[in-house]
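Visitor: need a 3D model of the following:
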Amino acid sequence: MEDSFFKKKTTINAGGKLIDLSLPKVMGIINLTPDSFFAASRKPGLEGALQQAEKMLNEGAAFLDLGAYSSRPGATHISEQEETDRLLPVVEAIVNRFPDAVLSIDTFRSKVAERAIKAGAHIINDISGGQMDADMFTTVAGLQVPYILMHIKGTPQTMQQKADYEDVFTEVYDYFSEKYHQLKQLGVHDVIIDPGFGFAKKPAHGYALMKRLQDFNMLQLPLLVGISRKKMIYGTLDISPDEALNATTALNTIALMKGANILRVHDVKEAVEAVKVWGMCQ
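Guide: Predicted coordinates for the structure are as follows:
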């Protein structure tokens, strides 16, 4: 349950729309990549991406998160040009076909982020917390868009070798505190924190963070949780990502109970239903 001692920020301004996160929202994942870890989420073609966008919006997604660079462990590194070539046509097409859709751009590159925002996207979702592009924070400040600040150590290519912590919660919390101070000094108004489940974290680290998820509310910032079909689920249960929807929904419900404001998921319908029944219990 959310800690009532802390006045948590629950609104963000995305493209002039004030979005209230006091009732949690669902963010649908659209991977414009051929190699994301969950095969069913891969929509590298324009028409496939548009069909997925329509399906997710109809199912109740408040946000669509578009990624053109696979960040799964050990993923192949691609150039900025290739990422842009995959991403921008889809952003432009979704903006044209679904003008009310709120688009988040999953990138660690400031130039990719800037071009996508100028093409009509609204939110920057940076897995690197500004660590992989020194210009990211100033770019976000200049664009005045919401920024999703995720915790990671290393890069997608090296992060699994860096999954070592004395106290994972304290390290992630301190990281957020320091990075948020930097962003605030630059004038960034809307920051959403993401603990980065699976990014430089073993399954045990993920569950340790989930146990203390409510303590991130002390930062008074909206909280995004992205655990959909990840290894902390399928590895623990000895199943495949394809079989991990039921346990994903269970863990998403726990996250809601602990103060999550956004669920980032592959399966929008099930997450929206979880939010609805959770809300009936409040």
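Visitor: all contacts plus neighbour counts: C-alpha atoms, from now on.
Guide: Fine.
Visitor: show me which strand runs longest in the chain.
Guide: Among the segments of the chain that qualify as a strand by DSSP state E, the longest is strand 25-31.
Visitor: pull the residues that contact that one.
Guide: Defining contact as Cα atoms under 8 Å, 6 or more residues apart in numbering, one finds that strand 25-31 is touched by 41-44, 49, 52-53, 56, 60-68, 70, 261-268, 271-272, 275.
Visitor: so which of those residues are in strands?
Guide: Taking DSSP E as the definition of strands, the contacts of strand 25-31 contribute 63-67, 262-265.
Visitor: how about those residues, which pair is most distant?
Guide: For the ones in strands among the contacts of strand 25-31, the maximum inter-member distance is 17.2 Å, found between Gly67 and Ile262 (Cα to Cα).
Visitor: between the two, which one's more packed in?
Guide: Counted by other Cα atoms under 10 Å, Gly67 and Ile262 do not tie: Ile262 has more neighbours, with 27 against 24.
Visitor: among the ones in strands among the contacts of strand 25-31, name the least confidently predicted one.
Guide: Confidence by pLDDT is poorest for Gly67 among these, given 93.
Visitor: quick check: that residue touching Leu87?
Guide: Yes: taking contact to mean Cα atoms under 8 Å, the distance of 7.2 Å between Gly67 and Leu87 places them in contact.
Visitor: find the residues that touch each one of these two.
Guide: Leu32.
Visitor: quick check, nearest of the ones in strands among the contacts of strand 25-31 to Gln185?
Guide: When these are compared against Gln185 (criterion: Cα to Cα), the nearest one is Ile262, at 24.9 Å.
Visitor: what about that closest one, distance to Ala163?
Guide: Distance check for Ile262 against Ala163: by Cα to Cα, to the nearest Å, it reads 25 Å.
Visitor: got it, and Val95?
Guide: From Val95 across to Ala163, the span is 38 Å (Cα to Cα).
Visitor: what ranges do the strands span in the stretch 1-150 of the chain?
Guide: With strands called from DSSP state E, counting those that start in this stretch, the stretch 1-150 of the chain shows them at 11-14, 17-20, 25-31, 63-67, 103-106, 123-126, 147-150.
Visitor: quick one: closest of these to Met280.
Guide: When the strands of the stretch 1-150 of the chain are ranked by proximity to Met280 (Cα to Cα), strand 25-31 comes first, at 14.8 Å.
Visitor: for the closest one, what is the distance to the chain centroid?
Guide: When distances are taken as Cα atoms, centre = their mean, to the nearest Å, strand 25-31 is centred 8 Å away from the chain's centroid.
Visitor: next: stretch 11-20.
Guide: With Cα atoms, centre = their mean, you get 17 Å for stretch 11-20.
Visitor: could you give the mean pLDDT of it?
Guide: For stretch 11-20, the per-residue pLDDT values average out at 95.
Visitor: how about the CA coordinates for it, as CSV?
Guide: The C-alpha coordinates for stretch 11-20 follow below in CSV (Å, rounded to 0.1, in the frame of the first residue of the first chain):
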residue,chain,number,x,y,z
THR,A,11,0.5,14.0,-12.8
ILE,A,12,2.6,14.5,-15.9
ASN,A,13,2.3,16.8,-18.8
ALA,A,14,2.6,14.9,-22.1
GLY,A,15,2.3,17.0,-25.2
GLY,A,16,0.0,19.5,-23.4
LYS,A,17,-2.2,16.7,-21.9
LEU,A,18,-2.2,16.5,-18.2
ILE,A,19,-2.2,12.8,-17.3
ASP,A,20,-3.3,11.7,-13.9
